[in-house]
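**Student:** please work out how this folds:
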Amino acid sequence: MTPIAPPVLITGLAFHAEPPPAEVGDYVPAVGTSREEKEILATLEDKAAAKTASDYQHIVWAYGILWALFAAYGLFLWRRSARLRADVDVLRRALERTEAGGGPRG
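**Tutor:** Predicted coordinates for the structure are as follows:
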């Protein structure tokens, strides 16, 4: 009598895992990867993960630097426009004085 394997739940359907029939003479069991191959694969995956994390860090730094440059440029434009407004105000007052006085002072 063959032992009954416990049911295996796959995507909501119950299947019974059964051992291969004994009468098949050319049955070869499936062979998985060896422990050494698994360790090599894990090492390579760790290296790839570290490289990816390092690449993401470079991307974050690049975006940070770009945003800092844009912010500095915006601050530069804001200060320049404030100076230009002050110059325009000075010129406007000088123009009003000359118009009120009847002519340029000299």
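**Student:** make it CA atoms for all contacts and neighbour counts henceforth
**Tutor:** Will do.
**Student:** need the strands for this protein, in chain order.
**Tutor:** With strands called from DSSP state E, the chain shows them at 7-10, 13-16.
**Student:** average pLDDT across the first one?
**Tutor:** Right, the one you point to is strand 7-10. Average pLDDT, strand 7-10: 52.
**Student:** shift numbering so it begins at 26
**Tutor:** With 26 as the first residue, the last one maps to strand 32-35.
**Student:** neighbours of residue 112, how many?
**Tutor:** Using other CA atoms under 10 Å, residue 112 has 12 neighbouring residues.
**Student:** can you check residue 119 too?
**Tutor:** Residue 119 has 13 nearby residues by other CA under 10 Å.
**Student:** list the contacts of it.
**Tutor:** Contact partners of residue 119, counting by CA atoms under 8 Å, 6 or more residues apart in numbering, are absent.
**Student:** hey, which helix or strand in the protein has the poorest pLDDT?
**Tutor:** When the helices and strands of the chain are scored by mean pLDDT, DSSP states H and E, strand 32-35 comes last with a mean of 52.
**Student:** how about stretch 77-84: buried residues?
**Tutor:** Judged by neighbour count (16 or more other CA atoms under 10 Å), stretch 77-84 contains no buried residues.
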